[in-house]
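Peer 1: Quick one, structure for this:
(chains A, B, C and D)
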Amino acid sequence: MPDNAGYMFAAYIAAAVIFGGYVIALIMRARTMTRRGDAIDTVTRP
Amino acid sequence: MTSPSPTGSPADVPVCETVSLVRRFGRRRAVAGVDLRIHAGECLALFGPNGAGKTTLLRLLAGLLRPTSGEVRLLGRTLTSHSAVERGRVGLISHQSMLYDVLTVAENVAFAARLHGVRDVAGATTMALDRLGLRGRELTPVRALSRGWQQRVSIARAIVHDPALVLLDEPYTGLDVSGARALTELLRSLRDGGAALALVTHSVEEGLTLATHAAIVLDGQIRRRDLTAGLDPVLYAASYRDLALESAA
Amino acid sequence: MSELQPPGTMAVALMIARKDLAIEYRTRSAFFSSLVFSLLGVSIFYMVWDPTAVRPIDMAPGVLWTIFAFAGMLGLHRAFGLELQTRAMDGLLLAPVPREAIFLGKALSNLVYVSAVLAVTIPAVVLFYNLEFGSGLLILGGIGILAAVGLVTVGTLFSSMTVHTRFAELLLPMLALPFFIPVVVPAAQASAKLLVGAELRTVMPWIQVLVAFDLMFGVACVLAFPFTIED
Amino acid sequence: MPIFDWLLAVAVVALAAVMARAIWFTPPEALQGEAQKIFYLHVPSAVVGLYLACPLVAIGGAMYLWLRDDRLDRLAESSAEVALVFLSIVLVTGPLWGKPIWGTWWTWDARLTSTLFLWFILLGYTVLRGAIEDRQQRARYSAVLGILASLLVPFIHLSVRLFRTMHPQPIVLAPEKPKLSAEMGLTLSLAFIAFTLLFIALLRGRLKYAALRDRVEALEAGDA
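Peer 2: Below is the predicted model:
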């Protein structure tokens, strides 16, 4: 049986990085958008 | 062009009528319930600050925009998205010339005539060019003309198919005094020729000299309607300013 | 005075196409730039391979259809661009004509332009890659027309959606190129076989893909166009 | 109001469990070795991405054109972005699996090539959305693109397959579908469930983000 476990770990790590990266990116985008929302809220509804 | 009512329909049917017209963009109601009526030979001036919904209202009347609710009736027939024939009876003039600057004056006007299905294209084109004093400039490319002359070609293009309703969106923008005066004269002869006009403008003075009726549009609604006969322009301009400032507050 | 008789869809499409081509004739902008682009492309491509290692006849189909797709795409914005500077599009939308007629008019004017590109690129490839003339050339032209129709229907629709955006020139290729795969790949594969003397029969599967694409997207784009108009 | 909630936590735990099971508790395939376990990532991502996320883009768009409901547009927008994530996994794990088994990173295998082109279409879709300011126009244009893209998918499959049949490439070794033992089959099914859960969690999160953005942008534009 060929010894190619390295490729397997590379693939699993890559998948984790892509999914994790997306979740974090989305959370960051949501955070900035919420801050923008709060800022405009205080103006329109004092 | 000089028949009393170009539409041939009975004089009392308004050329253009709206019934509780509403148009929403997202949650904003650009036009929030407008009822107006314009008969042949009348000119309605629509005054109002930017963002009051004047241009949206005009595009609704032209059939370029679909109402969210309510109706636009042209010559008695309700405008629907595929009522192409009624749309053909409208002429639109705005500070954007809608011309092809590489083509000549005559080509631009003839193209509009053909597009509207005018039977005698050459005849209608020559008549429109004469009417706007463009004789001799038929072969000049539009880009060689000044803003004032381009405006004339733009008007010729808008009336070549003898529209029953002529819509004007800020036509005085960028015109000097003599240009504005000439424009008012042209539009008056159109109005007296039996067309119904709707004029959106900021210049109260030019608007009032031309209009038979005036309306102040604020936040998508008509807040004040008047017959221009016997209306004092100075007082009217003052009340327009107050209303505009009040709505902006 | 002059009662109106609104013209039919095809009549309007021809009017708009004729007007576009009159403007194109006056300015000659899109045509000359794409002619130069094609000739340059075809000749540069010849220099990027070692002609002794790869026979020119093997390179020719790939070069022809790649250059054709990009040269064709370069000029697609011109059609709707004409209506933008002075908002002449409002003039078209206000006329008593069906929206589809505007799309067909623009597609027709683009088709003439893309066919002109083809009429330049094919002889250039034949000349520079010294292909021998043969009946294959006629069929090549036929494939070209099929490919041109496919490219134009999709290209015109995407041009109408991107021409007014800030980076229209970048957006159109990004959206349109995936849609050119079922046009360029069959065209290149079929012409590769034809140039080495294969019968038409053997390349029929590729031709069928082209025809099916033209039919499917011809209809889909005409139906989709009215939705791209602000209403 | 956080955009993610318990569902994402559950999905991540499920995914971690299945991946651990795949790596340490499922026997490797005799012929291909450990690298064959990339299979448990590659196949579920492809199935969820191609047959769950992508159709939602076209369906959401078509329904929007019919009902003009902003939520449908947000569904199309969100599933396009999440589809991009899943297909990126497929395009990364594909070569990582191809190299040890077939000796080349990119084998122009029919399915992988179609996935690549679909990935580009989704990218184009997302860029088009970014290029148009007016929300209503953006929704209409992306709906049209979404529908046309769904018409394009069969043509791309056809072109790619025809390309393969016209130029058969000698398959060096390892049949396409390795024989799956019972444990492998179970791991694969669990992987499907975990990936689907993750898809739903990510989609919900992205939908909430889209709703939040639309609300804020409406406020900022003065469209209270």
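Peer 1: what about the helix or strand harbouring residue C:42 and chain B, touching?
Peer 2: Assigned by DSSP states H and E, residue C:42 belongs to helix C:29-47. No: Helix C:29-47 lies apart from chain B when judged by CB under 8 Å from any CB of the partner chain; the minimum separation is 9.9 Å. In short, each C-beta sits where N, CA and C put it, glycine included.
Peer 1: Which strands or helices does that helix pack on?
Peer 2: helix C:56-74, helix C:99-128 (3 or more CB pairs under 8 Å, 6 or more residues apart in numbering or on different chains; DSSP states H and E).
Peer 1: Could you dump the ones you listed into CSV and include mean pLDDT and mean neighbour count?
Peer 2: CSV is the format used below for those (pLDDT from 0 to 100; neighbours: other CB atoms under 10 Å in any protein chain shown):
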stretch, mean pLDDT, mean neighbour count
helix C:56-74, 90, 22
helix C:99-128, 93, 22
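Peer 1: Counting neighbours, what do you get for residue B:139?
Peer 2: 9 (other CB atoms under 10 Å in any protein chain shown).
Peer 1: How about residue C:170?
Peer 2: Look at residue C:170: counted by other CB under 10 Å, it has 13 neighbours.
Peer 1: Just confirm it is within a helix.
Peer 2: Yes: assessed with DSSP: H, G, I helix; E, B strand; the rest coil, residue C:170 lies in a helix.
Peer 1: Check what pLDDT it gets.
Peer 2: Listed pLDDT for residue C:170 reads 90.
Peer 1: Can you tell me how far it is from residue D:117?
Peer 2: 19 Å (CB to CB, to the nearest Å).
Peer 1: And the helices and strands packed on helix C:29-47: which comes nearest residue B:55?
Peer 2: helix C:99-128 (21.3 Å; CB to CB).
Peer 1: What is the subsequent helix or strand relative to that closest one?
Peer 2: Next helix or strand after helix C:99-128 toward the C-terminus (DSSP H and E): helix C:135-162.
Peer 1: Return the set of buried residues in that following helix.
Peer 2: If you call a residue buried by 16 or more other CB atoms under 10 Å in any protein chain shown, then helix C:135-162 has these buried ones: C:136-137, C:139-140, C:143-144, C:146-162.
Peer 1: same check, this time on stretch A:5-15
Peer 2: Under 16+ other CB under 10 Å, the buried positions of stretch A:5-15 are A:7, A:8, A:10, A:11, A:12, A:14, A:15.
Peer 1: isn't residue D:126 right next to residue D:81, touching?
Peer 2: Yes: contact criterion CB atoms under 8 Å: residue D:126 and residue D:81 qualify, at 6.3 Å.
Peer 1: More neighbours: which of these two?
Peer 2: residue D:81 (21 against 16).
Peer 1: give me every residue that touches the nearest residue to that one once chain neighbours are set aside.
Peer 2: In space, and not counting its chain neighbours, residue D:81 is closest to residue D:206: 5.8 Å by CB to CB, 6 or more residues apart in numbering or on different chains. Contacts for residue D:206 (CB atoms under 8 Å, 6 or more residues apart in numbering or on different chains) come out as A:26, D:3, D:77, D:78, D:81, D:82.
Peer 1: host element of residue 10?
Peer 2: I went with chain A, as the question did not name one. Going by DSSP H and E, residue A:10 is in helix A:5-44.
Peer 1: nope, chain C
Peer 2: For residue C:10, the element it lies in under DSSP H and E is helix C:9-27.
Peer 1: Establish whether that helix and chain B are in contact.
Peer 2: Yes: contact of helix C:9-27 with chain B is found when judged by CB under 8 Å from any CB, involving C:12, C:15, C:19, C:22, C:23, C:26, C:27.
Peer 1: Assign residue B:37 to helix, strand or coil.
Peer 2: For residue B:37, the assignment made with three-state DSSP gives strand.
Peer 1: tally of neighbours for it?
Peer 2: By the measure other CB under 10 Å, the count of residues near residue B:37 is 16.
Peer 1: How about it: what's its closest non-neighbour residue?
Peer 2: Residue B:37 sits nearest to residue B:14 (CB to CB, 6+ apart), 4.3 Å away.
Peer 1: quick one, what contacts that neighbour?
Peer 2: B:37, B:38, B:39, B:73, B:76, B:196.
Peer 1: ok, now residue B:204?
Peer 2: Going by CB under 8 Å, 6+ apart, residue B:204 touches B:47, B:233, B:236, B:237, B:240.
Peer 1: Then residue D:152?
Peer 2: C:178, C:179, C:182, D:121.
Peer 1: From the contact counts, what lies against the helix holding residue C:10?
Peer 2: If you count contacts as 3+ CB pairs under 8 Å, 6+ apart, helix C:9-27 packs onto helix B:105-115, helix C:76-84, helix C:99-128.
Peer 1: Contacts (any at all) between chain D and the longest one?
Peer 2: Looking back up the chat, that one is helix C:99-128. No: using CB under 8 Å from any CB, helix C:99-128 stays clear of chain D, coming no nearer than 12.0 Å.
Peer 1: low-scoring pLDDT stretches of chain D, where are they?
Peer 2: D:1, D:168-179, D:223-224 (pLDDT under 70).
Peer 1: So which residue is dead centre in it?
Peer 2: residue D:49 (2.3 Å; CA atoms, centre = their mean).
Peer 1: so the residue nearest to it when sequence neighbours are not counted is in which element?
Peer 2: Setting aside the residues directly before and after it, residue D:49 is nearest to residue D:86 in space (CB to CB, 6+ apart), at 3.3 Å. If you go by DSSP H and E, residue D:86 is part of helix D:70-102.
Peer 1: show me the contacts for the spatially closest residue to residue B:173 that is not a sequence neighbour.
Peer 2: Distance criterion CB to CB, 6+ apart; nearest residue to residue B:173, sequence neighbours excluded, is residue B:95 at 4.0 Å. Contacts for residue B:95 were tallied using CB under 8 Å, 6+ apart; they are B:169, B:170, B:171, B:173, B:174.
Peer 1: Neighbour-wise, which one of the residues you listed leads?
Peer 2: Highest neighbour count within the contacts of residue B:95, by other CB under 10 Å: residue B:171, with 25 neighbours.
Peer 1: part of a helix, is that residue?
Peer 2: No: going by three-state DSSP, the assignment for residue B:171 is coil, not a helix.
Peer 1: Which pLDDT value belongs to it?
Peer 2: pLDDT recorded at residue B:171 is 87.
Peer 1: For residue C:13, which non-adjacent residue is closest in space?
Peer 2: residue C:104 (3.7 Å).
Peer 1: my read: the one you found touches residue C:15, true?
Peer 2: No: with contacts counted by CB under 8 Å, residue C:104 stays clear of residue C:15, the gap being 10.7 Å.
Peer 1: which stretch of helix or strand covers the residue most central in space within chain B?
Peer 2: For chain B, the residue nearest the mean C-alpha position is residue B:167 (1.5 Å; CA atoms, centre = their mean). If you go by DSSP H and E, residue B:167 is part of strand B:165-169.
Peer 1: contact partners of that strand?
Peer 2: Taking CB under 8 Å, 6+ apart as the rule, strand B:165-169 contacts B:15-16, B:38, B:54-55, B:58, B:61-62, B:74, B:89-95, B:158-159, B:187, B:190, B:195-201.
Peer 1: Only the C-alpha atoms, please, for it, written as PDB.
Peer 2: Output in PDB follows, covering the C-alpha atoms of strand B:165-169 (Å, rounded to 0.1, in the frame of the first residue of the first chain):
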ATOM      1  CA  LEU B 165     -48.500  64.300 -24.000                       C
ATOM      2  CA  VAL B 166     -45.100  66.100 -23.800                       C
ATOM      3  CA  LEU B 167     -43.100  65.500 -20.700                       C
ATOM      4  CA  LEU B 168     -40.300  67.900 -19.800                       C
ATOM      5  CA  ASP B 169     -37.700  67.100 -17.100                       C
END
